[in-house]
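>>> structure, please.
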Amino acid sequence: MNQQSKSRKQIPAHLRQFVSEQHYEEYTPIDHAVWRYVMRQNHHALKDTAHPAYVEGLRASGIDTEAIPNVSDMNEHLSKIGWGAAIVDGLIPGVAFYDFQAHGILPIAVAIRKVENIEYTPAPDIIHESVGHAPILFDSKYASYVKRFGEIGSKAFATKAKHEVFEAVRNLSIVMEDRHSTPQQIEEAKRLLSERKRAVKGMSEADQISRIFWWTVEYGLIGTLENPQIYGAGLLSSVGESKHCLSDKVVKLPFSIESCIQTSYDVTTMQPQLFVCESFDQLTEAIEEFANSMAFRKGGTESLDKALLSGSTSTFVLNSGLQITGTIEKMLKDSDGEAIYVKTIGPTTLAINNKELPGHSKTTHYSGFGTPIGLLEGDISLEECTEEDLQTLGIEKGRKSTLAFKSGIQVTGRVSTIIRNNNKLNLISFDSCKVTLGDQVLFEEKWGTFDMAVGSAVTSAFPGAADAEAFFGVEEIPKKASTEPRLLTEIEILYQTIREIREKESLDENSMVTVQNVLQVLRSTYPKEWLLRLEILEWFCDHCVQTLETEQVHQELLHLSKTKELQRLIKNGISLLPLQKESQRC
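Numbers count the residues shown, from 1 in each chain. Prediction:
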């Protein structure tokens, strides 16, 4: 059965390219056992240490302990608080990730971690996304913070080098979760990530936003330094770190945006320090203050510099209201370092109020777009000019005119079109046009119509497009072709057998015989298989089975726990079983 999340029609068109599917039937019995283990541990460990909203939200979100959730069911429960869920295929670009949240949509990767990574995985998986992120969204103040963070985060510029780091992180995540990856492949993926990180110079807006997100939404604590509670999804979904984070081994620091930005993080290990906020209101106030330093609010030449360094599609907005979307190739600046001419390369569009202007699509400006920015001579703001002002300047349709900018740029040509909006002049198009700056020719007559954006200043710049649907189109990930169900392996069959016996909720002679047969195979073929032994011991305890077999399974687990990698996992699993109270309970 192929379960879907939020209807594609409800997801903004430009984000549908990231939407995937959940093929629920492809989860193995081992996958469900991994889910059960983590959920049982979390229910036990978090009931007293997580923010109260989390425990209640876990019930309200429709997430069950026994089986991996259908994202469509989660979507239905989230819809009650005005949110939704969308299935995505692993790591997606940061701008897209934040944009989903800005629209009240929780992006969920539906793969699940391997048994080897049961305590923690750097790759997004359904445990992290559903158990970590979804429940606490039922707190209205926190949900508002996450949504607002998405709106702000989606406007954060990254550098070209940072985009390459993202690809390296995605590669490492894929390699680490691939059951067929060799140690050499994992080491190579880590080496590549380190190399890409070293190439990053300075800190972009996206870096800063990423760190704030990490130390709040992913790894945040709330309350007091002496008695904090967990609200970060990375902590809530990690069996090991949810316990480790409250120990004295982790330094607790008071939350501040500055401290978060100055503190780097490592996705492959537990965090040595965490930040404690006083309330969700404090988070919201802090992120709003930080947004004031970003290009989308500050504007100016600095914002254009960030767009240029991003090396990718971005939008800059002029004080006339005109929005130019494209990849900035170069800028000309005056002696004060202020931008006076901007040139994009490749497909470019013009828009007003986030709607593409008719006749100014990527088809029209397929090879790029250039325009002067600034005041005219005499400190005239062209965008404020009335019809009478234009006539005074000699700007009339069908008339050959010259506009002289304070920067020294001159535009000479025959006026063909004038576009206004909200009493502001937005665009003037010229035929037979030449644009110069001293001896430098910026536009030749033979190149065709010169569409000149009108604006004396840049008020905003941000990654992505003003009219995303028009610019990017409605691209969707092709649906995965249905395949024949694969045959379960022997160990998967054993897991499935125990799962079916547990679901009976009653003990009978046939069940006991079947469990003993499973144990016989485990002992002869799978001596290191700990999770299935734990499930069998749990079943024995649930049904008060006090036999030598029960004690033997217990001893086998204790023996396996002598291995460093399994010590904590097995100890934590056994701690939830009433082994010491069996005789009294039964």
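>>> am I right that Ile428 falls within a helix?
No - using DSSP: H, G, I helix; E, B strand; the rest coil, the assignment for Ile428 is strand, not a helix.
>>> SS state for the residue nearest the centre of the chain?
What sits nearest the mean C-alpha location of the chain, by C-alpha atoms, centre = their mean, is Phe97, with 3.1 Å. Following three-state DSSP, the label given to Phe97 is helix.
>>> helix/strand/coil for the residue nearest to it when sequence neighbours are not counted?
Nearest non-adjacent residue to Phe97, counting by C-beta to C-beta, 6 or more residues apart in numbering: Pro107, 6.0 Å away. Glycine gets a C-beta too; all of them are placed from N, C-alpha and C. Following three-state DSSP, we place Pro107 in the strand state.
>>> give me the local confidence score for Ser482.
The score at Ser482 is 59. That number is its pLDDT.
>>> below-threshold pLDDT in the stretch 451-586 of the chain: ranges please.
Scanning the stretch 451-586 of the chain with the threshold set as pLDDT under 70 gives 474-484, 579-586.
>>> do you know how far Asp162 is from Ser310?
Just to correct that, residue 162 is Lys rather than Asp. As judged by C-beta to C-beta, to the nearest Å, Lys162 and Ser310 stand 9 Å apart.
>>> was I right about Asn421 contacting Gly321?
Yes - counting by C-beta atoms under 8 Å, Gly321 is a contact partner of Asn421 at 5.8 Å.
>>> between those two, what contacts are shared?
Ile352, Asn353 (C-beta atoms under 8 Å, 6 or more residues apart in numbering).
>>> more neighbours, those two?
Between Asn421 and Gly321, counting by other C-beta atoms under 10 Å, Gly321 is the more crowded of the two (19 against 14).
>>> pLDDT value on that one, please?
97.
>>> can you pull out the strands in the stretch 351-500 of the chain?
With DSSP state E, counting those that start in this stretch applied, the stretch 351-500 of the chain shows strands at 355-356, 370-372, 400-404, 409-421, 424-437, 440-443, 450-453, 458-463, listed in chain order.
>>> reformat those strands as a markdown table; add distance to Cys260.
What follows is those, written out as a markdown table (distance: least, C-beta to C-beta, whole Å):
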| stretch | distance to Cys260 |
| --- | --- |
| strand 355-356 | 36 |
| strand 370-372 | 38 |
| strand 400-404 | 47 |
| strand 409-421 | 40 |
| strand 424-437 | 39 |
| strand 440-443 | 43 |
| strand 450-453 | 37 |
| strand 458-463 | 21 |
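>>> partner residues bridging Ile222?
Beta-bridge pairing for Ile222 (DSSP bridges): Gln229, Cys277.
>>> low pLDDT regions in this structure?
Within the chain, the stretches with pLDDT under 70 are 1-9, 122, 177, 474-484, 579-586.
>>> per-domain residue ranges of it.
If you go by automatic domain parsing, the domain ranges for the chain are 2-158+204-287, 312-472, 490-585.
>>> wait, doesn't the residue nearest to Phe97 sit right on Ala86?
Yes - using C-beta under 8 Å, Pro107 makes contact with Ala86 at a distance of 5.5 Å.
>>> okay, and the common contacts of these two?
Phe18, Phe100.
>>> if I look at the residue sitting furthest away from the middle of the chain, how far off is Val435?
In the chain, counting by C-alpha atoms, centre = their mean, Thr392 sits farthest out from the average C-alpha position, at 52.3 Å. Computed as C-beta to C-beta, the Thr392 to Val435 distance reads 22 Å.
>>> try Leu192
According to C-beta to C-beta, Leu192 stands 44 Å off from Val435.
>>> who has more neighbours out of these two?
A count of neighbours by other C-beta under 10 Å puts Val435 above the other of Leu192 and Val435, at 25 against 18.
>>> wait, doesn't that one sit right on Gln410?
Yes - in this structure Val435 lies within contact range of Gln410 using C-beta under 8 Å: 7.1 Å.
>>> hang on, the earlier thing: which of the domains of the chain sits most buried?
Across those, averaging neighbours per residue (mean count of other C-beta atoms under 10 Å) puts domain 2-158+204-287 on top, at a mean of 20.
>>> what's the spacing between stretch 571-579 and its chain's center?
35 Å (C-alpha atoms, centre = their mean, to the nearest Å).
>>> ditto for stretch 322-337
Taking C-alpha atoms, centre = their mean, one finds stretch 322-337 lying 29 Å from the centre of the chain it belongs to.
>>> if we can go back for a sec, overlap in contacts of Lys162 and Ser310?
Listed contacts common to Lys162 and Ser310 are Ser204; contacts here mean C-beta under 8 Å, 6+ apart.
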